[in-house]
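Chemist: Predicted model, plus sequence, below.
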Amino acid sequence: QKEVEQNSGPLSVPEGAIASLNCTYSDRGSQSFFWYRQYSGKSPELIMSIYSNGDKEDGRFTAQLNKASQYVSLLIRDSQPSDSATYLCAFLDSNYQLIWGAGTKLIIKP
Amino acid sequence: DAGVIQSPRHEVTEMGQEVTLRCKPISGHDYLFWYRQTMMRGLELLIYFNNNVPIDDSGMPEDRFSAKMPNASFSTLKIQPSEPRDSAVYFCASSFDGRGETQYFGPGTRLLVL
């Protein structure tokens, strides 16, 4: 069964520090990986996508992919209270369906 | 564009009643997805359409659930009869291309079945 594993948290990080969110996936054939952010009571929104091994940076966000280890992570630099949310990891399976993790709740403490 | 539109935003009903959830995808998007989210099970794909045609409904929990997409701008998810375990947030999402393109989510319908 295709799965995405995430620590449910909550992960508490002081404001200004680096928040590190991790995700492992089961499908070795997957080529596309996504991080969605979901604020409490709101809908998920895409913040990062990554398709190749290595790092991809977008502002304060960096996604890291290691296909050999089946591992993808999201780093948030200079964390702000507005980053407090649940972060959902997802990958695209061979049928082009998104397989979702349960999400990690991130709390940024002022 | 107004984004994905869902209605109603909140629904409270009694067990056994029929519930109809509605979705208007973003214009020009060929893919439409229905998801259900609960604390216990997270985000689950129920069914998705490509060009108004249902492609995969393997996530639909049972025959009480049905979904239609009569045209490119409208879809419904119906539960008949509803049960308390159907209580969840139901999201509709659309994308231009199902092959990894960003899925844009609607605000969701919060369903409570008493």
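Modeler: The structure has been received and is ready for your questions. Residues are numbered from 1 along each chain as shown, chains lettered A, B, ... in the order given.
Chemist: ok, now which ones touch the residue lying closest to B:Val53 once chain neighbours are set aside?
Modeler: Spatial nearest neighbour of B:Val53, chain neighbours left out: B:Met69 (7.7 Å); criterion: CB to CB, 6 or more residues apart in numbering or on different chains. For every residue, glycine as well, the C-beta is placed using N, CA and C. Contacts for B:Met69 (CB atoms under 8 Å, 6 or more residues apart in numbering or on different chains) come out as B:Leu32, B:Phe49, B:Asn52, B:Val53, B:Pro54, B:Ser75, B:Thr76.
Chemist: what about A:Ile107, how many residues close to it?
Modeler: 15 (other CB atoms under 10 Å in any protein chain shown).
Chemist: B:Gly108 too?
Modeler: Other residues close to B:Gly108 by other CB under 10 Å number 24.
Chemist: Relative to B:Tyr90, how far out is it?
Modeler: 6 Å (CB to CB, to the nearest Å).
Chemist: Quickly list what's touching both of these two.
Modeler: With CB under 8 Å, 6+ apart as the test, B:Gly108 and B:Tyr90 both reach B:Gln6, B:Gln37.
Chemist: Which residue comes closest to B:Asn50 once chain neighbours are left out?
Modeler: B:Tyr31 is the one closest to B:Asn50 (CB to CB, 6+ apart), at 5.5 Å.
Chemist: Please give me every residue in contact with that neighbour.
Modeler: B:Tyr48, B:Phe49, B:Asn50, B:Ser94, B:Ser95, B:Phe96, B:Asp97, B:Gly98, B:Glu101, B:Gln103.
Chemist: Apply 10 Å and report the result again.
Modeler: A:96, B:25, B:48-51, B:55, B:93-99, B:101, B:103 (CB atoms under 10 Å, 6 or more residues apart in numbering or on different chains).
Chemist: Go through those and flag which are in strands.
Modeler: Secondary structure from DSSP state E places B:Tyr48, B:Phe49, B:Asn50, B:Ile55, B:Ala93, B:Ser94, B:Ser95 of the contacts of B:Tyr31 in strands.
Chemist: mind putting these in CSV, pLDDT and neighbour count included?
Modeler: Formatted as CSV, the ones in strands among the contacts of B:Tyr31 follow (pLDDT from 0 to 100; neighbours: other CB atoms under 10 Å in any protein chain shown):
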residue, pLDDT, neighbour count
B:Tyr48, 94, 26
B:Phe49, 95, 23
B:Asn50, 93, 16
B:Ile55, 91, 16
B:Ala93, 96, 26
B:Ser94, 95, 26
B:Ser95, 92, 21
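Chemist: A:Asn53 and A:Gln70 touch, don't they?
Modeler: No - using CB atoms under 10 Å, A:Asn53 is not in contact with A:Gln70, being 11.4 Å away.
Chemist: So which of those two has more stuff around it?
Modeler: When neighbours are counted by other CB under 10 Å, A:Gln70 comes out ahead of the other of A:Asn53 and A:Gln70, with 16 against 11.
Chemist: Contacts only, for the more buried one.
Modeler: A:Glu5, A:Cys23, A:Thr24, A:Tyr25, A:Ser26, A:Asp27, A:Arg28, A:Ser30, A:Phe91.
Chemist: One more: A:Asn53?
Modeler: Contacts of A:Asn53 by CB under 10 Å, 6+ apart are A:Gln64, A:Leu65, A:Asn66, A:Lys67, A:Ala68, A:Ser69.
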